[in-house]
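Participant: Task: produce atomic coordinates for the following.
(4 chains)
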There are 2 protein chains.
Amino acid sequence: MIAPIRQSTLADTVEARLRQFIRKQRFRPGDALPKETELAAQLKVSRNVVREALSRLRMLGIVESRRRRGMVLAGADIPAVLRRMIHPQLVPDSQDLFELRLVLELGLVDLLFLRRQEFLIRDLERIVRREEAVPGDLRLNQQCEIAFHSAIYAATGNTLLVCFQELLQPFFRDARGRHFAPDRFATPKRPNHRHLIEALRQGDVEEYRRLMRQHLSPYFDDLPRVRSGVR
Amino acid sequence: MIAPIRQSTLADTVEARLRQFIRKQRFRPGDALPKETELAAQLKVSRNVVREALSRLRMLGIVESRRRRGMVLAGADIPAVLRRMIHPQLVPDSQDLFELRLVLELGLVDLLFLRRQEFLIRDLERIVRREEAVPGDLRLNQQCEIAFHSAIYAATGNTLLVCFQELLQPFFRDARGRHFAPDRFATPKRPNHRHLIEALRQGDVEEYRRLMRQHLSPYFDDLPRVRSGVR
DNA sequence: CGTGGTAATATGTACTACATAAGGGCATAA
DNA sequence: TTATGCCCTTATGTAGTACATATTACCACG
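Facilitator: Numbering: from 1, shown residues only, chains lettered A, B, ... in the order given. From the prediction side, this is the model:
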């Protein structure tokens, strides 16, 4: 197998050069960049090309530009960019993202116990009560499932985690729909939300993680034992 | 506090419209998009604006374009985009990313134990031996530290995790440098790499996670108990 | 049937022109 | 002194034209 040769456009090159320029110059957010016309002149390309490259950096949040003022560096807006890309329809290997969700759910536990506040337990219990009020309603049940986990992510105080949770939701839901076998989700041993709350209340990190792991076991059980292209 | 009004450019609008268009039409990778001139005519904007929007989508990997052939949808290239954004210099709140690294390191354990293969232990031991050969060499020590954790990420078989590990490395290193207190990293109770390997060999998931948690305790100890803007 | 040349076509690049917002400066007035 | 309003300058935003170039499809030819 031999890879096809793909020649890059000037916009690609200029974009890379600009990022490199920003890095090398140790620019920080707030610093001013050269004007478009200056860049075009120095790089010896048309202003059009420069604008395409800058447009990309603007989308990343790396530069902000306003009329007359010119362009200034800004902080990269990771959530905004992720929001543009992470859709089941657009992502080539959704398996990676599905697994990421599982990893996050179990990995955030220490952060959760470090940052949890009193109202968390109250919020979670309210969700569970709403869930248990109408046991048969699948739609409501799913809403509560999402609400429960969202509350937990929010309690970590990490906005990036919250963002991921929101965006990975569809991948998770797809998987749930794909291998939906009611008996597998209703095994007697599988911990429910009440058990998780109890572990939270007790402040027992290890126990909470163990319970959450079992709570997610239907998903873990379906993971392929080997991924292509290992090592 | 009142937020400043910021009017969006046509390129922003067209970009959003195109993404929306792709979603609504249930396009899949490989499908063809309308020509630039057609889009410009239908949207009643100049081809320039359309090209800026398309240039952004190209960077995300969502569309590929070749001369004469037109444009086709492609899979979003998450690693490529992350590689452009995730630098300590560019990211506004590095704390989020620093915490993400901790979350991943502890969350990937189940995936690791599901996918680990024989050669992993061998590779890790080789790294540890190299590390122990020259105990005083801080530079080599750090290299081995990175190599050890990289091998673990790779063993999960998840390319996205590997990507994150690579990109989050600088944030981790900054933190290590910031509060570097040799005694805190050399506490007698802190598990080293050999302990982790042993737990891996035993196949003891819980023990491995416990050890890794303690291995990372210097970082956890410095986490702020509360993040701004909670709830 | 395979090979090679040729025309058609959509993207890539350059250039010009003008619209528009935003900052600076100045004058005037409270 | 401070505030208001006007004008001028300037850099980005948008439109439009022109042409280069790669790549495909087609056709002729061996």
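
Participant: interface residues of chain A facing DNA strand D?
Facilitator: For chain A, the residues in contact with DNA strand D (C-beta under 7 Å from any atom of the strand) are A:7, A:33, A:35-37, A:48, A:51, A:54, A:65-71. (Each C-beta comes from the backbone N, C-alpha and C, glycine too.)

Participant: what about 10 Å?
Facilitator: By C-beta under 10 Å from any atom of the strand, the residues of chain A that approach DNA strand D are A:4-7, A:32-40, A:46-48, A:50-51, A:54-55, A:58, A:63-72.

Participant: what subset of those is also close to chain B?
Facilitator: Among the residues of chain A next to DNA strand D, the residues lying close to chain B (C-beta under 8 Å from any C-beta of the partner chain) are A:Asn48, A:Arg51, A:Ser55.

Participant: For the second one, give its distance to DNA strand C.
Facilitator: Pointing back at A:Arg51 there. Separation of A:Arg51 from DNA strand C (C-beta to the nearest atom of the strand, to the nearest Å) stands at 9 Å.

Participant: returning to what we had before: what about the ones next to chain B among the residues of chain A next to DNA strand D, which one has the most neighbours?
Facilitator: Neighbour counts for these, by other C-beta atoms under 10 Å in any protein chain shown, peak at A:Ser55, which reaches 25 neighbours.

Participant: so who does it touch?
Facilitator: B:Ala11, B:Glu52, B:Ala53, B:Ser55, B:Arg56 (C-beta atoms under 8 Å, 6 or more residues apart in numbering or on different chains).

Participant: Ok, A:Met71 next?
Facilitator: The contact partners of A:Met71, taken as C-beta under 8 Å, 6+ apart, are A:Ala32, A:Leu33, A:Lys35, A:Glu36, A:Leu54, A:Val63, A:Glu64, A:Ser65.

Participant: mind putting these in a markdown table, pLDDT, distance to B:Arg209 and neighbour count included?
Facilitator: A markdown table is the format used below for the contacts of A:Met71 (pLDDT from 0 to 100; distance: C-beta to C-beta, whole Å; neighbours: other C-beta atoms under 10 Å in any protein chain shown):
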| residue | pLDDT | distance to B:Arg209 | neighbour count |
| --- | --- | --- | --- |
| A:Ala32 | 95 | 48 | 11 |
| A:Leu33 | 96 | 46 | 22 |
| A:Lys35 | 97 | 53 | 13 |
| A:Glu36 | 97 | 52 | 17 |
| A:Leu54 | 98 | 45 | 24 |
| A:Val63 | 97 | 41 | 22 |
| A:Glu64 | 96 | 42 | 17 |
| A:Ser65 | 95 | 47 | 17 |
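
Participant: got the residues you listed as JSON lines, with distance to B:Ser150 and secondary structure columns?
Facilitator: Converted to JSON lines, the contacts of A:Met71 look like this (distance: C-beta to C-beta, whole Å; DSSP: H, G, I helix; E, B strand; the rest coil):
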{"residue": "A:Ala32", "distance to B:Ser150": "38", "secondary structure": "strand"}
{"residue": "A:Leu33", "distance to B:Ser150": "35", "secondary structure": "strand"}
{"residue": "A:Lys35", "distance to B:Ser150": "42", "secondary structure": "coil"}
{"residue": "A:Glu36", "distance to B:Ser150": "40", "secondary structure": "helix"}
{"residue": "A:Leu54", "distance to B:Ser150": "34", "secondary structure": "helix"}
{"residue": "A:Val63", "distance to B:Ser150": "32", "secondary structure": "strand"}
{"residue": "A:Glu64", "distance to B:Ser150": "35", "secondary structure": "strand"}
{"residue": "A:Ser65", "distance to B:Ser150": "38", "secondary structure": "strand"}
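
Participant: now, which of those lie close to DNA strand C?
Facilitator: By C-beta under 10 Å from any atom of the strand, the members of these lying near DNA strand C are A:Ser65.

Participant: Going by distance to A:Asn141, which of the contacts of A:Met71 wins?
Facilitator: For A:Asn141, the nearest member of these is A:Glu64. The distance, counting by C-beta to C-beta, is 43.7 Å.

Participant: any idea what sits nearest that closest one, other than its immediate chain neighbours?
Facilitator: Closest residue to A:Glu64 apart from its sequence neighbours, by C-beta to C-beta, 6 or more residues apart in numbering or on different chains: A:Ala74 at 4.5 Å.

Participant: All set, thanks.
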